[in-house]
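Enquirer: My questions are about this predicted structure, shown below with the sequence.
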Amino acid sequence: MSRRYSSQRRSSSSSVSWILAVLVIGLFIIIGLCCGAYTLVSNLFDRGTTIEQTPAPEPETLTVAYSPEKEEAFTELVNRFNNQGLETPDGLRMVVETVQLDPEAMLNAVLTETAAFQAMTPDSALWLGQLDEAWNSKFGTDEQPATVVGETARYGISPVVIAMWEGVAREMGWPDRAIGWQDLLARAQSDPNFRWSHPSTNSASGMLATLAMFYAGSGKTRGLTIEDAQDQETLDYVAALEKTVVYYGEGDEPALIERALLEGRDFLDAFVVQEQMVVYYNTHRSSGQERLVAIYPAEGVLWEDHPLALLETRDLTLPQRQTFAGFRDFLLSPESQQFILSQGYRPAESSVSPTDPASPLTADNGVNPAEPRTALQVPNAAVVKVVHNVWWYTKRHTNVYLVVDTSGSMRGEKIDQAQEALGIFLDQIKGDLERVGMIQFSSSVYNVIYLDELGDNRQVLQTAIDNLQAGGDTALLDAVSEAFARLQQEGDPERINAIVAMTDGRENNSYTSLRTLLHQIETESILPVVIFCIAYGEDADLEMLQLIAEPTGGQVLQGDSETIRQLYKILSAYF
């Protein structure tokens with residue numbers, strides 16, 4: 001018994017010793033690991049190394065295309081929204097990015113499925129109707145119509161008005177009586193020095209003003225139909241108004257206002273813009289500079305309504321929808337609506353009044369928030385399309401000479417880009433009734449293509465453009481003088497008479513002096529000719545071009561190989 005007991009004690013003692021050994025070894029291992037971890041962390045911090053943590057989810061970006069006239073206000077609104085740091089229900093941060101495009105470019109991008117944006121905010125819902133109609137024509141069927149414009153909300157509105165110098169408006173009876181299109185027609189027909197314009201129908205303000213004229217001609221304020229737009233009495237009324245336009249324009253409202261700020265009363269007597277632009281002018285004009293006032297045509301007014309629209313494309317994600325909803329709600333919030341009002345737009349939400357004490361919509365700024373007394377109904381897309389098409393027949397037509405520099409400095413890329421730009425100019429003039437000619441110059445004037453309707457000479461002009469070759473000196477003054485003399489010989493007061501002259505260098509080979517040309521323009525004119533000049537590149541004589549263009553009511557545009565196509569596209573809208 002004693003030996004067995006002794007054996008058991010030895011066995012038990014061995015087990016205890018083994019367990020203790022294991023525990024000790026384990027303890028040393030744990031201590032070693034802790035020390036190693038401590039040393040590693042200490043070294044990392046000593047070296048300034050940051051321990052990486054699980055990255056936060058990427059923000060969900062909604063890209064919005066916006067039209068240029070509201071850049072200042074819209075980009076500020078986007079910044080304010082992004083600074084809030086809002087998140088989707090799944091914890092993704094909502095971010096709005098922007099891209100500036102004119103509405104026509106927005107539509108083209110969507111229709112060609114190359115749009116790098118998921119929402120758009122043009123100046124008018126007119127564009128949205130045209131987009132859906134074109135989308136349905138391309139992708140829809142009779143059994144299954146297709147649309148691409150999704151949820152839409154307008155956040156700022158501005159009536160389309162006739163901006164007029166206060167002195168001119170008072171001569172016409174403002175503010176004691178309402179002035180309308182008929183008054184504008186009477187003034188223009190009785191005063192040959194009265195100059196007014198509206199943009200072409202390729203712009204929202206131009207299209208809305210034209211629709212307002214068609215409404216006035218039909219005697220209606222709602223429900224304009226295709227039959228109304230094609231009625232001969234309506235067409236005669238609109239054509240009479242259009243024949244008094246000094247020239248059209250591309251609808252770049254900020255550019256119009258900048259010219260008004262720069263030129264004052266030397267600019268047009270009246271021109272069509274949205275009301276917000278009148279506010280902008282009057283809050284930026286110099287002391288002593290005459291006010292512009294907004295004339296709300298008595299026959300009725302249409303509005304630029306600045307919609308925000310979601311695009312229902314295949315790659316639209318749920319978080320982008322949620323970001324759109326968040327941004328929409330932000331734009332319609334009282335704080336944002338107050339900011340929109342401060343920029344000269346009328347708020348879309350009734351919670352903010354346009355007569356708020358801080359509102360800039362005041363008589364001092366040339367506007368009246370109680371106007372317009374008659375708001376016209378926007379017709380459907382089919383009627384808008386018909387009005388756009390028949391406008392080419394009611395509008396004032398054009399005699400325009402393209403004066404093209406083919407001197408030696410135009411060799412290479414310059415002449416290639418100029419050829420493309422001139423082709424774009426012709427393509428943008430859809431009507432075949434416009435009369436266009438071309439004069440080339442280098443060391444002398446040569447290859448004159450006489451004025452003719454584009455229905456007859458469009459291909460002749462395009463062939464001449466395709467065959468342009470560069471070489472020789474620069475006889476710009478001779479070429480402009482030649483074009484001016486030919487327009488005077490035509491003696492056609494019914495049309496807009498214009499010259500579009502492009503040069504990339506300095507005059508060095510003309511028989512005509514600058515003084516002689518200016519005398520010819522100012523004293524030998526039996527009908528007005530508007531001269532637009534394109535200074536192509538840094539070597540063009542900008543000062544001389546301004547001396548030629550500005551006395552005629554024209555302007556100088558500066559460009560290079562990257563922008564020359566856009567400049568000719570812009571100028572095409574004037575005719």
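Expert: Ah, there it is.
Enquirer: Which helix or strand contains Trp174?
Expert: Under the criterion DSSP states H and E, no helix or strand holds Trp174.
Enquirer: With Glu258 instead?
Expert: helix 253-263.
Enquirer: what helices or strands is that helix leaning on?
Expert: If contacts are counted by 3 or more CB pairs under 8 Å, 6 or more residues apart in numbering; DSSP states H and E, helix 253-263 sits against strand 270-274, helix 275-284. From N, CA and C alone the C-beta is placed, and that goes for glycine too.
Enquirer: Redo the ones you listed as a markdown table? Include distance to Asp405.
Expert: Listed next are these as a markdown table, based on distance: least, CB to CB, whole Å:
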| stretch | distance to Asp405 |
| --- | --- |
| strand 270-274 | 30 |
| helix 275-284 | 34 |
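Enquirer: Looking at the ones you listed, which one is packed in the most?
Expert: Neighbour counts (mean count of other CB atoms under 10 Å) averaged over each of the helices and strands packed on helix 253-263 peak at strand 270-274, with a mean of 27.
Enquirer: just checking, what packs against it?
Expert: If you count contacts as 3+ CB pairs under 8 Å, 6+ apart, strand 270-274 packs onto strand 156-165, strand 196-197, helix 204-218, helix 253-263.
Enquirer: Using CSV, list the CA coordinates for whichever strand or helix holds Tyr450.
Expert: Taking DSSP H and E as the definition, Tyr450 sits inside strand 445-453. Taking C-alpha atoms only, strand 445-453 is exported to CSV below (Å, rounded to 0.1, in the frame of the first residue of the first chain):
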residue,chain,number,x,y,z
VAL,A,445,-8.9,90.2,-103.3
TYR,A,446,-9.8,87.1,-105.4
ASN,A,447,-12.3,84.4,-106.0
VAL,A,448,-15.4,86.4,-105.3
ILE,A,449,-18.6,84.2,-105.0
TYR,A,450,-21.5,86.5,-105.6
LEU,A,451,-24.5,86.6,-103.3
ASP,A,452,-27.2,84.0,-104.0
GLU,A,453,-29.8,82.1,-102.0
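Enquirer: Listing request: residues of this structure with sub-threshold pLDDT.
Expert: Low-confidence regions of the chain, defined by pLDDT under 70, span residues 1-59.
Enquirer: Break it down into its domains, please.
Expert: The chain breaks down by automatic domain parsing into domains covering 60-154+306-347, 157-305+363-391, 398-572.
Enquirer: And these: which comes nearest Asp356?
Expert: Distance to Asp356, taken as CB to CB, is lowest for domain 60-154+306-347 among the domains of the chain, at 6.4 Å.
Enquirer: Please export the C-alpha coordinates of stretch 222-240 as PDB.
Expert: Provided in PDB are the C-alpha atoms of stretch 222-240 (Å, rounded to 0.1, in the frame of the first residue of the first chain):
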ATOM      1  CA  ARG A 222     -53.700  79.600 -74.400                       C
ATOM      2  CA  GLY A 223     -53.900  76.600 -76.600                       C
ATOM      3  CA  LEU A 224     -51.800  77.700 -79.600                       C
ATOM      4  CA  THR A 225     -52.300  75.000 -82.200                       C
ATOM      5  CA  ILE A 226     -50.500  74.000 -85.400                       C
ATOM      6  CA  GLU A 227     -53.300  75.500 -87.400                       C
ATOM      7  CA  ASP A 228     -52.900  78.800 -85.500                       C
ATOM      8  CA  ALA A 229     -49.100  78.800 -86.200                       C
ATOM      9  CA  GLN A 230     -49.700  78.200 -89.900                       C
ATOM     10  CA  ASP A 231     -52.600  80.600 -90.400                       C
ATOM     11  CA  GLN A 232     -51.700  83.300 -92.900                       C
ATOM     12  CA  GLU A 233     -52.800  86.200 -90.800                       C
ATOM     13  CA  THR A 234     -50.600  85.000 -87.900                       C
ATOM     14  CA  LEU A 235     -47.600  84.500 -90.300                       C
ATOM     15  CA  ASP A 236     -48.100  88.000 -91.800                       C
ATOM     16  CA  TYR A 237     -48.100  89.500 -88.300                       C
ATOM     17  CA  VAL A 238     -45.000  87.700 -87.200                       C
ATOM     18  CA  ALA A 239     -43.200  88.400 -90.500                       C
ATOM     19  CA  ALA A 240     -43.900  92.200 -90.200                       C
END
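Enquirer: That'll do, ta.
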